[in-house]
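# Sequence first, then the predicted structure, then my questions.
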Amino acid sequence: MPRNRRRWLIALPLALLAAVLLSGGLRPEWHLQALLWLQQQLAGATEHEAKIDGIRWSYLEAGSDSDKPPLVLVHGFTGSKDNWLPIVRVLASDRRVLIPDLPGWNDSERKAGADPGFAAQAENLSHFIDTVVAGPVDLVGHSMGGGIVAVLAARHPQQVDQLVLMDAAGVRFKDNDFGLAVLAGENPFAVNDRASLKRYLATVFESPPFVPWPIDQALVDRRIADAGFEQRVLDAIARGDQAFLPGQLAPDIEAQTLLLWCRDDRVIDPSAATIWAAGLQLSRTVMLDGCNHMPMMEQPEATAASLREFLR
């Protein structure tokens, strides 16, 4: 082999490696965006935007129209639309699926001074449904998103066919370390470096996923930028006068409701499911094993199967 060719064969991989390392150090967000794009492609989801009441929404869409109501999936506190990607392809096999970032979160617009509480976000979501779907939907809310969709279902029953509350916030569950820390004014989900990112993942996952560099740094950078907003949201949904509004409105919910919980949830204690069930008119409860607070990511097959069985 000619000497010059051998040099190129050695130099090219080294140059590519150097480029990856340089971009990872200078622009870790590029790597995170590339990973999310790939996951969206694998899930069969496409990203869209809509301007609603002066707010720019970012949302994912998958599947197609059918005789079933569209399915809207709503993320939780510090979550995002991408949390649902592990189960999107299964859920979208026979219906249209829409997954928004709530206003203020992730890729949706954050308005200065906007109310991030349960009631305000329920109204925002109601307008999103009216604009993008224009008809009743099956509605799934996780954690904070569960409290939001419960308020929406109580106040706008005509928009909701069936309801799923997944590890849902909004009731006074049995004290645990997470809940006591929140009531004490802390943010147990706070992330400001790689070590706290690992603690955060250990808080919400039974088996925390490995997050490689520079993806982990991109996530840390995002959470640092969102720290003030996260604190305001906690003040509104966990320490303010709306903290238990979703549970108080539960008797007004007409939709048949599935309470889907991780049996080992260390964030929203499973005792919350019993409290929800006592207030709802029509409900059933399913407990999943092998997960903590993120069933759609830790137990995607069991989560998708439970949703499909209930929603059909």
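Done, it's in.
# What is the neighbour count of residue 297?
The number of residues packed near residue 297 is 19, by other CB atoms under 10 Å. Where you see a C-beta, it was placed from the backbone N, CA and C, and this is true even at glycine.
# in terms of contact, does it touch residue 88 like I think?
No: the pair residue 297 / residue 88 is not scored as a contact, 11.8 Å apart, by CB atoms under 8 Å.
# List the contacts of stretch 280-289.
Contacts of stretch 280-289 with the rest of the structure, by CB atoms under 8 Å, 6 or more residues apart in numbering, involve 250-251, 253-264, 270, 273-274, 276-277, 295, 299, 302-303, 306, 310.
# filter these to the buried ones?
Among these, those classed as buried by 16 or more other CB atoms under 10 Å are 250, 253, 255-262, 270, 273, 276, 295, 299, 302-303, 306, 310.
# what comes up buried for stretch 197-205?
Buried-residue list, stretch 197-205, by 16+ other CB under 10 Å: 197, 200, 201, 203, 204, 205.
# got the contact list for residue 58?
Contacts of residue 58 (CB under 8 Å, 6+ apart): 47, 48, 49, 81, 100, 101, 106, 107, 108.
# Name the nearest residue to the first one, ignoring sequence neighbours.
Think residue 47. Nearest residue to residue 47 in three dimensions, chain neighbours excluded: residue 60, at 5.8 Å (CB to CB, 6 or more residues apart in numbering).
# do you know how far residue 268 is from residue 128?
Per CB to CB, to the nearest Å, residue 268 is found 24 Å from residue 128.
# Which one's more surrounded, the two?
residue 268 (28 against 23).
# Just confirm that one contacts residue 293, I think it does.
Yes: taking contacts as CB under 8 Å, residue 268 lies within contact range of residue 293: 6.8 Å.
# Can you tell me which of the contacts of residue 58 are classed as buried?
47, 81, 100, 101, 106, 107, 108.
# Next step: the contacts of residue 58 restricted to strands.
Among the contacts of residue 58, the residues falling in strands (DSSP state E) are 47, 48, 49, 100.
# first vs last residue of stretch 102-109, how far apart are they?
9 Å (CA to CA, to the nearest Å).
# what residues does that stretch touch?
Counting by CB under 8 Å, 6+ apart, residues outside stretch 102-109 touching it are 47, 55-59, 74-75, 79-81, 100-101, 110-111, 114, 116, 121, 124-125, 145, 148, 229, 233.
# avg pLDDT for stretch 77-92?
For stretch 77-92, mean pLDDT rounds to 98.
# Quote the end-to-end distance of that stretch.
Taking CA to CA, the first and last residues of stretch 77-92 lie 24 Å apart.
# Ramachandran coordinates for the residue nearest in space to the middle of the chain?
Residue closest to the average C-alpha location in the chain (CA atoms, centre = their mean): residue 75, at 2.5 Å. Torsion angles at residue 75 (phi, psi; degrees, to the nearest 10) stand at phi -80, psi 170.
# That one contacts residue 149, correct?
No: assessed by CB under 8 Å, residue 75 is found out of contact with residue 149, at 10.9 Å.
# any chance of the contacts of residue 58 in TSV, with distance to residue 212 too?
What follows is the contacts of residue 58, written out as TSV (distance: CB to CB, whole Å):
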residue	distance to residue 212
47	23
48	29
49	29
81	22
100	28
101	24
106	21
107	22
108	27
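# Just name the closest of those residues to residue 161, please.
Residue 161 has its nearest neighbour among the contacts of residue 58 in residue 100, at 17.9 Å by CB to CB.
# Nearest spatial neighbour of the closest one, chain-adjacent residues omitted?
Residue 100 sits nearest to residue 59 (CB to CB, 6+ apart), 3.9 Å away.
# need the helices for the stretch 1-150 of the chain, in chain order.
For the stretch 1-150 of the chain, the helices defined by DSSP state H, counting those that start in this stretch occupy 3-26, 28-43, 85-91, 118-128, 144-155.
# so where's the stretch 51-200 of the chain uncertain?
Along the stretch 51-200 of the chain, no part satisfies pLDDT under 70.
# so where do the strands sit in it?
Applying DSSP state E, counting those that start in this stretch to the stretch 51-200 of the chain gives strands spanning 55-62, 71-74, 97-100, 137-142, 160-166.
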